[in-house]
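[1] okay, predicted coordinates and the sequence, questions at the end:
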Amino acid sequence: MLRQVGRKPFQAHLNHILKRQDPLLVSNHSPSPQDNNFNDKPYKSPLPGDDHFLFGQKYRHVCELLLSQTRSRSLPGGLQIHGYIVKSGLQVIPLVSHYLINFYSKTQLPFLSRQVFDETHKKSPTTWSSVISSLAQNEEPVLAMDYFRRMLGGDSRPDDHIIPSATKACAILGRIDVGRSLHGLAVKIGYDFDVFVGSSLVDMYAKCGDIMDARKLFDEMPERNEVSWSGMIYGYAQLGEDEEALVLFKEALFEGLSVNDFTFSSVIRVCGNSTWLELGKQLHGLCFKTSCNFSSFVGSSLVSLYSKCAVVEDAYRVFDEVPVKNLGMWNAMLIACSQHTHTKEAFGLFREMEVAGMKPNFITFLCLLYACSHAGLVEEGKHYFGLMKDYGIEPGAQHYASMVDLLGRAGKLQEALSTIEMMPIEPTECVWGAFLTGCRLHGNIELAAFAADKVFELGPVSSGLHVMLSNTYADAGRMEDAANARKMLRDRGIKKETGLSWVEEGNRVHTFAAGDRRHTKANEIYQKLEELGKEMEAAGYVPDTSVVPREVDDEEKNQTIRYHSERLAIAFGLITLPPDRPIRVMKNLRICGDCHIAIKYMSKCSGRVIIVRDNNRFHRFENGRCSCGDYW
């Protein structure tokens, strides 16, 4: 509704909103700006009459009251003050317009900020700065840049407040070319060494992926603040250079930087991506000490950290503790539920979002489709896919890939193929890859070969798709075709990703590859696997050697699958971690069918909870069962 206000006079619009809020707000009384609950009781307005205050005192007092409403994010109180401003004619004062624009910016109503600005008779540099900042801060970067261009075409000159807002808009848009132009403008008008301008430029270069220029500018800055440090840390984290991000964070703490919630969010996200649980817990404690733990930005990173490190119960706890949740935090919790097969909880969270008035975005629906795919809920998946258009969201390639994956896993291969053929956009590698996965799971070699041909028409693709096709042929006993698929991989100079598994012990991460004997405890690890293997066979475990895509004898196949990386990591966990602690293993590739069976027996024979995260989801093994229900 607010987006449709257009040029409608503010007084009529204010009256409409005030009537919707509470009858008290359209009476002759005003709520106290010191009282956060504006509907508790009415009281006489503190705004002075003409007889008691000079005009200058009056508008300053109004600005102070509006500022108090801005700090408390009180929309009803601010709307009432705005009504008084319109009635008394104070809107002609640029400073009053600035406070109004800022108020609507902080209450996340950028289009009302824009309307206040457009109805301001005299545009000062302050009002230009306010409206550009409001639009940039509220995810309206195109409009922010439009107003910046309009300002340049007038008499106003950009200053150390306006340039950072325009630079932020460039970062959101990923327009590094426009950002470079802004950098050049800052140099020409002498703001290149200003700490606020410099920090915004560092942040822009980092978010646009140009880490070299960001670091060059960062190193040249005579003074740095939280934004410059946070921008660099975020830039390294975004590129996966986790260690460099942590080194910078340590330097920032050493220099006595007052770390903000955005900095914490970036560093905690690094820990989540690398599954450094213990370090993440330490950062969580530091957030608590600095009162950053209630920030929704920090909260979303913590939810992601605990989810990726297979401690989903702590993710739920963090989610419940943060009082004001942004969309990023809701999505982080939805991702956690989807990856850990908490499908009912994911659907429940979505209903809570709707009740809370939080509008979902394309990521929200990706999470829901993912949850449906890995639980085999075809009808529910179709429901959420159709619901996207009700929210004005056009499905993208990833949404179609999720639908194809859902149908393919459920064995509805022809329906999945029809979905691809009816796509309004060209199918991507991820769409055909999802279809190929379904074909392999259900042994349909003909459709798999058809999908592979479509993939190869796209040009260079990931090694995973080549390997998937080879394995599909091998599953069907077509070893020659499997060998040809791998030869094609070699001929194109693409290397197969090495399968790795790792487990954290204290502050160290121990990494294993298949048949790895380089670990200092290798002898103990292999001895533990031998002992456990005998118990597993006694309990009924029979190796499934069909997962080995090579023409070798059964004994060699048994040896090949017996020492897969995840089994070595589990054995290490069994001999080093306390008996009451779950063994959490992370893996970069999909877990093979035989290992999935074997780990169920490992959990049963050892009496331990074993959690394995592969490149798709989490598997919680306990008492011989897996949380995925063998549907993954």
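    Structure received.
[2] output the lowest mean pLDDT helix or strand found in this protein.
    One helix or strand of the chain scores below all others by mean pLDDT, DSSP states H and E: helix 10-21, with a mean of 43.
[3] for the helix or strand that it is followed by, packing partners?
    Following helix 10-21 in sequence order, the next helix or strand is helix 55-71 (DSSP states H and E). Packed against helix 55-71, as judged by 3 or more CB pairs under 8 Å, 6 or more residues apart in numbering; DSSP states H and E, are the following elements: helix 75-88, helix 94-106. Just so you know, the C-beta spots here come from the backbone N, C-alpha and C atoms, and that holds for glycine as well.
[4] let me know which of those helices is tucked in deepest.
    helix 94-106 (a mean of 24; mean count of other CB atoms under 10 Å).
[5] and it, what does it pack onto?
    Going by 3+ CB pairs under 8 Å, 6+ apart, helix 94-106 lies up against helix 55-71, helix 75-88, helix 110-118, helix 125-137.
[6] sketch out the low-pLDDT regions of this protein for me.
    Confidence mapping of the chain against pLDDT under 70 gives the ranges 1-57, 475-476, 545-560.
[7] quick revisit: which of the helices and strands packed on helix 94-106 sits closest to residue 618?
    helix 125-137 (35.7 Å; CB to CB).
[8] what is the next helix or strand after the closest one packed up against?
    Later in the chain than helix 125-137, the nearest helix or strand by DSSP H and E is helix 141-152. With contacts defined as 3+ CB pairs under 8 Å, 6+ apart, helix 141-152 has these neighbours: helix 110-118, helix 125-137, helix 162-173.
[9] the first one to helix 125-137, inter-axis angle?
    Think helix 110-118. Put simply, helix 110-118 runs at 160 degrees to helix 125-137, going by axes from the mean of the first three to the mean of the last three CA atoms, to 10 degrees.
[10] now do the buried residues in helix 110-118.
    By neighbour count, with 16 or more other CB atoms under 10 Å as the criterion, the buried positions of helix 110-118 are 110-117.
[11] closest one of those to residue 88?
    Distances from residue 88 to the buried residues of helix 110-118, taken by CB to CB, are shortest for residue 116, at 15.4 Å.
[12] how about that closest one, what does it touch?
    By CB atoms under 8 Å, 6 or more residues apart in numbering, residue 116 lies in contact with 10, 91, 97, 100-101, 104, 131.
[13] for residue 108, which non-adjacent residue is closest in space?
    What sits nearest to residue 108 in space, not counting adjacent residues and going by CB to CB, 6 or more residues apart in numbering, is residue 138, at 5.9 Å.
[14] was I right to think residue 78 contacts residue 68?
    No: counting by CB atoms under 8 Å, residue 78 does not reach residue 68; the two are 9.3 Å apart.
[15] state whether residue 584 is indeed within a strand.
    Yes: under DSSP: H, G, I helix; E, B strand; the rest coil, residue 584 sits within a strand.
[16] surely it meets residue 609?
    No: in this structure, residue 584 is not within contact of residue 609 by CB under 8 Å, at 9.2 Å.
[17] and the two? which has more neighbours close in?
    residue 584 (23 against 16; other CB atoms under 10 Å).
[18] quick one: residues contacting the more buried one.
    277, 309-311, 503-504, 573, 611, 613.
[19] how about a cut-off of 6 Å?
    For residue 584, the contact set (CB atoms under 6 Å, 6 or more residues apart in numbering) comprises 310, 611.
[20] partners of it in the sheet?
    Beta-bridge pairing of residue 584 under DSSP bridges involves residue 611.
[21] equivalent analysis for residue 619, please.
    residue 612.
[22] next, count neighbours for residue 625.
    13.
[23] please tell me how far it sits from residue 233.
    41 Å (CB to CB, to the nearest Å).
[24] do residue 596 as well
    38 Å.
[25] who has more neighbours out of the two?
    Per other CB under 10 Å, whichever of residue 596 and residue 233 has more neighbours is residue 233, with 28 against 21.
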